[in-house]
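Peer 1: Predicted model follows, preceded by the sequence.
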Amino acid sequence: MVFTDVADTDQLDDILHATYPLLREIKYVITVDRKIIRENVALLENAEVALLPPFSGG
Amino acid sequence: MENDSFHERYHRQIILKEFGAVGQNRLKQAKVLVIGAGGLGCPVLLYLVAGGVGTIGIVDDGLVELSNLHRQVLFNTSDIGKRKVDCAAQLLSKMNPDVAILTYPDRMETSNALDLIDAYDIVIDGTDNFQSRYMINDACVLLNRPLIFGAISRYEGQVAVFKDGFNYRDIFPQPPQEGEVMNCSEAGVLNVLPGLIGNLLVNECIKLITGIGDTLVGKLQTYNMLNNGSFTIEITSTLYGSSLIPKNRESFEATDYHYLCNAKEIVVNELSKDELLTLLNEEEIDLIDVRELSEQPTLNGFNHLRIPLASLEKHASLIKKDTVVFVCQSGKRSKLAARRFEEIINQGNRRVFSLEGGVLSLINTI
């Protein structure tokens, strides 16, 4: 998915929650350019953001 | 002679320049503990044993079930009902008698985890629940053992190697709460996924032991079987993650991972006698008396069934209505009955209650 005019990861998270309400119930960490972030991070042009949920299955 | 057969058995990998006889001997010296002989554990064990890892421990307290067989490739139909570790060891020792296989038909708990892990060089986690995963992570940090982590969900898997100061809590510091993730039996799993991810785990293990190539130390790889996508992220060591790990054996053994991971705790809804009387006016319910048949006073005046607690499962089919209220003398056994009914039979399909205060509180109202 490509987003335009998203300033930071908090804003992106809000947009995702509004679009996919079920995401609110799921635990995940956010990565920006393949690194885990722990606080709000400004998103530069072409930043790659991923949501990483924990898996427990074996 | 033994040397000849050793050389011949592993010939195709010994001739690899980077691996060589040195690599093969390193495998022979290595001791690897595989926790969980399930979807991930089976392919891991197959290739560890075939490849000539010298000593392998298998921890699993489970029995082979029919629903395991599509993905747990060490077991066959005639193994159903037998202990997984026994079936696995039998097949694996035939496959490669050079390998010492030790079996532990136990559930890994804080009381045995440290002693078990301490006897091995490397741990592979192929368990299926967060409780075990956090406990194994913490134990490996305490004992300074490399941990190869694999986990699957639906069509994706994760692989990581935790050592050199990295651990699982650097990614997910706290266990998720119930409902925040699904397990295999809820979410489903296509058989080949644990095969693929399990083989990635063995690959990491062989590279770690022999020193060839690059491993996923400090990284987490996510593989998607539907689009063959692979996504690797860097892990950053965090003080917060490390601060949550017990600092010594005593505090590890005192940690309640079951509670931390909020594993399947069923909450029983209790009704007061007034709430029950209201409910009885509103709808048809199944009122189940779980006391022994001889217990007095009887619930005269209330339409009810008597199913003693001990035979609840056997007679559960008698319970048919959408709302079920269990009663006993004082409200204790009925709570147990409600929990058991939810757990084994109902699975959240009907409204289940226990009457607070039991028959004694009801009788006074007649």
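Peer 2: Arrived safely, thanks for sending.
Peer 1: In contact with B:Ser317: list those residues for me.
Peer 2: If you count contacts by C-beta atoms under 8 Å, 6 or more residues apart in numbering or on different chains, B:Ser317 has none. The way it works is simple: take the backbone N, C-alpha and C, and place the C-beta from them, glycine included.
Peer 1: From B:Leu336, how far out is the residue nearest to B:Lys273 when sequence neighbours are not counted?
Peer 2: Spatial nearest neighbour of B:Lys273, chain neighbours left out: B:Ser361 (4.6 Å); criterion: C-beta to C-beta, 6 or more residues apart in numbering or on different chains. In this view, B:Ser361 and B:Leu336 are 18 Å apart by C-beta to C-beta, to the nearest Å.
Peer 1: And for B:Leu92?
Peer 2: Between B:Leu92 and B:Leu336 the distance, using C-beta to C-beta, works out to 42 Å.
Peer 1: related to what we said a few turns ago, look at the residue nearest to B:Lys273 and tell me its secondary structure.
Peer 2: Secondary structure, DSSP: H, G, I helix; E, B strand; the rest coil: B:Ser361 is helix.
Peer 1: Look at the nearest residue to B:Gly52 once chain neighbours are set aside and say how many residues are nearby.
Peer 2: The shortest distance from B:Gly52 to any non-neighbouring residue, by C-beta to C-beta, 6+ apart, is to B:Leu27 (4.9 Å). If you count neighbours by other C-beta atoms under 10 Å in any protein chain shown, B:Leu27 ends up with 21.
Peer 1: Next, B:Val161: phi, psi?
Peer 2: In terms of degrees, to the nearest 10, the main-chain angles of B:Val161 are phi -120, psi 120.
Peer 1: I'd like to know how far the nearest residue to B:Pro297 once chain neighbours are set aside sits from chain A.
Peer 2: In this structure, B:Pro297 finds its nearest non-sequential neighbour in B:Ile363, 5.5 Å apart by C-beta to C-beta, 6+ apart. As judged by C-beta to the nearest C-beta, to the nearest Å, B:Ile363 and chain A stand 44 Å apart.
Peer 1: just B:Ile152 next, same as before
Peer 2: From B:Ile152 across to chain A, the span is 4 Å (C-beta to the nearest C-beta).
Peer 1: any idea which helix or strand carries that residue?
Peer 2: Assigned by DSSP states H and E, B:Ile152 belongs to strand B:147-153.
Peer 1: Run the chain-centre distance for that strand.
Peer 2: 12 Å (C-alpha atoms, centre = their mean, to the nearest Å).
Peer 1: So which other helices or strands are in contact with it?
Peer 2: strand B:122-125, helix B:130-143, strand B:156-162, helix B:184-187, helix B:192-210 (3 or more C-beta pairs under 8 Å, 6 or more residues apart in numbering or on different chains; DSSP states H and E).
Peer 1: before we move on, the earlier item: give me the more crowded residue out of B:Leu92 and B:Leu336.
Peer 2: Neighbour totals were compared for B:Leu92 and B:Leu336, and B:Leu92 leads with 21 against 16 (other C-beta under 10 Å).
Peer 1: residues of the helix or strand where the more buried one lies that come out buried?
Peer 2: In the assignment (DSSP H and E), B:Leu92 maps to helix B:84-95. Neighbour-count burial for helix B:84-95 flags B:Lys84, B:Val85, B:Cys87, B:Ala88, B:Ala89, B:Leu91, B:Leu92 (criterion: 16 or more other C-beta atoms under 10 Å in any protein chain shown).
Peer 1: Now those in TSV, please, with extra columns for pLDDT and distance to chain A.
Peer 2: What follows is those, written out as TSV (pLDDT from 0 to 100; distance: C-beta to the nearest C-beta, whole Å):
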residue	pLDDT	distance to chain A
B:Lys84	97	12
B:Val85	98	15
B:Cys87	98	17
B:Ala88	98	14
B:Ala89	98	19
B:Leu91	98	19
B:Leu92	98	18
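Peer 1: Run through the chain and note the low-pLDDT ranges.
Peer 2: Using chain A here. The model of chain A has no residue with pLDDT under 70.
Peer 1: ah, no, chain B please
Peer 2: When residues are selected by pLDDT under 70, those of chain B lie in B:1-2, B:178-179, B:182-186, B:262-266, B:344, B:346-348, B:364-366.
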